[in-house]
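**Q** How does the following fold in three dimensions:
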Amino acid sequence: MSIRSMTVLTLPSKRERTVQQPCADTCVWIRKGCYVRVDSPDAFTTIWDSWATVAQARLLAVCVGAKRQAVLVGNSALVARSIPLWEANPDVVAWFGVRHGKRRLPPVRTVVATVPPVYVYATTSRPSENALEIIDGLRCESVIDAVVRMACHSEALSAFVAACMVLRHESGFSKFAQDEARCLAEMTKDKMKVRLIERRRSATCIPYKRAERIIDAADPGCENPAEAALLWVLKSVSAFEVVTQFEIVVNGRRYFADIAIPGLMIIFEFDGIGKLGKNEADFARAKRDWIQRENDLRSAGWTIYRVSWRDYEDFNALRVWAIQLLRPHQVAIPEHAEALWALPTEACDGPSRRFHTRSR
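**A** Numbering: from 1, shown residues only. Coordinates of the predicted model:
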């Protein structure tokens, strides 16, 4: 989905209105008097598509309706670029040049789902004029600045996932050409740290160490926010090196582990529905490949643990499980790992932010 395929429709008052309501199949109501028309056949195909479409439509509506030219920052700057976040339904955060309190945007009903309400926040931290970009007509701060802002001010899970997704986006990561991609990712991290130092010089209250830890721990090998969340949990407990897209060759077959601890020959994998294919033929083929892969890896001495969306219903329990798995191999959690951890709150991980299996 791209903001380029959207158009804001501002309707007059009921007394002045002479046109019919916009078509519900192509338009979404964002707030009083404001609709967004979406010219894309796939915009509302699934619940996930609907939430993503509404998130971008809200950005467009807020920017078009602003009295001053707005600059999208932090998570909103990433949503404008279609970079996935942990929150499927994020708040809108922008620089308006003036102070004002948060404003509520109501729930949005689409043909397949109702997207929960969010808030519009006006940041008081002015974005760098030298790093502004125009994305589909909207002014946004750079991805570097957006991640640094989130590393400083967002919750640990949200910031870490965003950093991983940006590194993947900026490096063009491919598991078949990892050396080049990881080199580009390290260069991107260096830029983030330079920007972090600049922010620290301009403001004394920046949580510099926390932000630096998040940037250092982020990895471009995570394919999606779910894998990034699992990596975050594992890095917050492990004294051993944790690697993404780790290559393993068994009987001439080449495999890549989502997340591995090579020193312990342990593999952690996230089982998302996308890996099963979109039809019966794909499913059957994926099942055969999965059995072959599983047998090869286990026969080579690897232990495999799988995580699904259901495991994310209780992050504390997921982390305790990881600690118990590693307990025979390590005496204690290292300080640098423990410092990554902070239990996600409702504002980051609640049912108004992402999909929960228990509520569906």
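**Q** Could you measure from the most centrally placed residue in the chain over to residue 338?
**A** The centre of the chain sits closest to residue 85, judged by C-alpha atoms, centre = their mean, with a distance of 1.7 Å. Using C-beta to C-beta, to the nearest Å, residue 85 is found at 24 Å from residue 338. For the C-beta atoms, the positions are set from N, CA and C on the backbone; glycine is no exception.
**Q** Equivalent analysis for residue 38, please.
**A** 44 Å.
**Q** which of the residues in the helix or strand containing residue 214 are buried?
**A** Secondary structure from DSSP states H and E places residue 214 in helix 208-217. For helix 208-217, a neighbour-count test (16 or more other C-beta atoms under 10 Å) marks 208, 210, 211, 212, 213, 214, 215, 217 as buried.
**Q** where exactly do the strands run in the stretch 251-360 of the chain?
**A** 253-261, 266-270, 303-307 (DSSP state E, counting those that start in this stretch).
**Q** possible to save these as CSV with mean neighbour count and mean pLDDT?
**A** Listed next are the strands of the stretch 251-360 of the chain as CSV, based on neighbours: other C-beta atoms under 10 Å; pLDDT from 0 to 100:
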stretch, mean neighbour count, mean pLDDT
strand 253-261, 19, 96
strand 266-270, 21, 96
strand 303-307, 15, 96
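**Q** how about those strands, which one is nearest residue 201?
**A** strand 253-261 (35.7 Å; C-beta to C-beta).
**Q** Within the sheet, what are the partner strands of that closest one, with directions?
**A** Strand pairing for strand 253-261, determined by DSSP bridges: strand 243-250 (antiparallel), strand 266-270 (antiparallel).
**Q** how about those in TSV, adding distance to residue 344?
**A** Below are the strands paired with strand 253-261 laid out as TSV (distance: least, C-beta to C-beta, whole Å):
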stretch	distance to residue 344
strand 243-250	21
strand 266-270	17
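**Q** Low-confidence ranges, the chain, go.
**A** The chain contains residues with pLDDT under 70 at 1, 11-25, 272-281, 283, 358-360.
**Q** wouldn't residue 40 be in contact with residue 3 here?
**A** No. If you go by C-beta atoms under 8 Å, residue 40 and residue 3 don't touch, sitting 10.7 Å apart.
**Q** Residue 109 contacts residue 30, doesn't it?
**A** No. Using C-beta under 8 Å, residue 109 is not in contact with residue 30; the gap is 11.1 Å.
**Q** Residues in contact with both of those two, list them for me.
**A** With contacts defined as C-beta atoms under 8 Å, 6 or more residues apart in numbering, no residue is shared by residue 109 and residue 30.
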